[in-house]
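> Mind looking at a prediction? Sequence and model below.
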Amino acid sequence: MTETTVTLEVKDYVAVATLTRPPVNAMNWAMRERIIEIMDQANDREDIRVVVLTGAGNIFCAGADLKERPDASNAGQFNWHNRLTRESFNCIKECSKPVICAVNGAALGAGFAIMAFCDIMLASDNAVFGMPEIDVGLAGGAAMLNEMFGKSKMRRMMMTGQRIPAAELYRRGIIEACVPRDQLHAEAMAIATEIASKAPLGIKYAKTSCNMVELMPAKDAYRFEQNFTYELSKTEDAAEARKATLEKRKPVYKGR
């Protein structure tokens, strides 16, 4: 069953999705399908306001499972594999709920890509990151690396498979936190709990704004956001937030 490759637990509006495919959480087709399934569910479930994505053990994800590769001689299989691969990442960015990645160890290749598509990223201090495709005669990951690094570092990582420790990513401002392994879950849950306490519609629009403004000139992006502000101002949750602020109490949001 694909459910065993990524487990899902939901409590207090926070969903925790855990990569669970020992020994190294290598990504196979079943895991990719399960990630898509979880993100699609999160889109529709009112009891989920934020997703924490992490891994079991001391390795987040060592990359794609080399034992399960598409057969180029089988017509259509490579195209299917590539489509599934793309969607297993795109579904994270396209999920209407924020996704926090808590990287609990090595995140290589596909594992690094998973993190790159998440909204908020943090890692344990034993984590390392890299795109080692070149070491198995392949090339991949430039799009993800280009979002995080400058020209020289991106190309060195792409062409040598260089691995970067979590502390270096934190120093560069790429990840939100670098903490001891035993503190990672609590750190991620603190952020998730804070997000879950906000107005659900506001968070949904905020994520959409973050995704869309990346593609726009600043002038157009600001105008785009103003449209969202206008629409949100008419919601019950916005009225409740204003009222709660004036009354000095916690707001009670209904998601409408």
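That came in fine, so what should we check first?
> going forward, measure contacts and count neighbours with C-alpha atoms only.
Noted.
> Three-state assignment for the residue positioned nearest the centre of the chain, please.
When Cα atoms, centre = their mean is applied to the chain, the residue found nearest the centroid is residue 118 (2.0 Å). Using DSSP: H, G, I helix; E, B strand; the rest coil, the secondary structure recorded for residue 118 is coil.
> Next, the contact list for it, please.
92-93, 98-101 (Cα atoms under 8 Å, 6 or more residues apart in numbering).
> Which single one of those residues is nearest to residue 23?
residue 101 (19.6 Å; Cα to Cα).
> from what I can see, that closest one looks like it's in a strand, true?
Yes. Using three-state DSSP, the assignment for residue 101 is a strand.
> which residue ranges form the strands in the stretch 151-256 of the chain?
Under the criterion DSSP state E, counting those that start in this stretch, strands of the stretch 151-256 of the chain are mapped to 164-165, 178-179.
> Just grab the bridge partners of the residue lying closest to residue 177 once chain neighbours are set aside for me.
Of all residues not flanking residue 177 in the chain, residue 122 sits nearest, at 4.8 Å (Cα to Cα, 6 or more residues apart in numbering). Following DSSP bridges, residue 122 is listed with bridge partners residue 102.
> Which residues are in contact with residue 122?
Residue 122 touches 100-103, 175-178, 184, 188, counting by Cα under 8 Å, 6+ apart.
> who wins for neighbours among these?
Counting neighbours by other Cα atoms under 10 Å, residue 103 comes out on top of the contacts of residue 122 with 34 neighbours.
> Just the pLDDT at the closest residue to it other than its chain neighbours, thanks.
With Cα to Cα, 6+ apart as the criterion, residue 103 has its nearest non-adjacent residue at 4.4 Å, and that residue is residue 123. According to the predicted model, the pLDDT of residue 123 comes to 98.
> Likewise for the one 10 residues further on?
Among the per-residue scores, residue 133 shows a pLDDT of 88.
> Over to the residue lying closest to it once chain neighbours are set aside. Which of the three states is it?
Nearest non-adjacent residue to residue 133, counting by Cα to Cα, 6+ apart: residue 139, 5.3 Å away. Classification of residue 139 using three-state DSSP returns coil.
> neighbours around residue 139, how many?
Considering only other Cα under 10 Å, residue 139 is surrounded by 14 other residues.
> what about stretch 240-253, distance to the chain center?
Here stretch 240-253 is found 30 Å from its chain centre; the criterion is Cα atoms, centre = their mean, to the nearest Å.
> Good, wrapping up.
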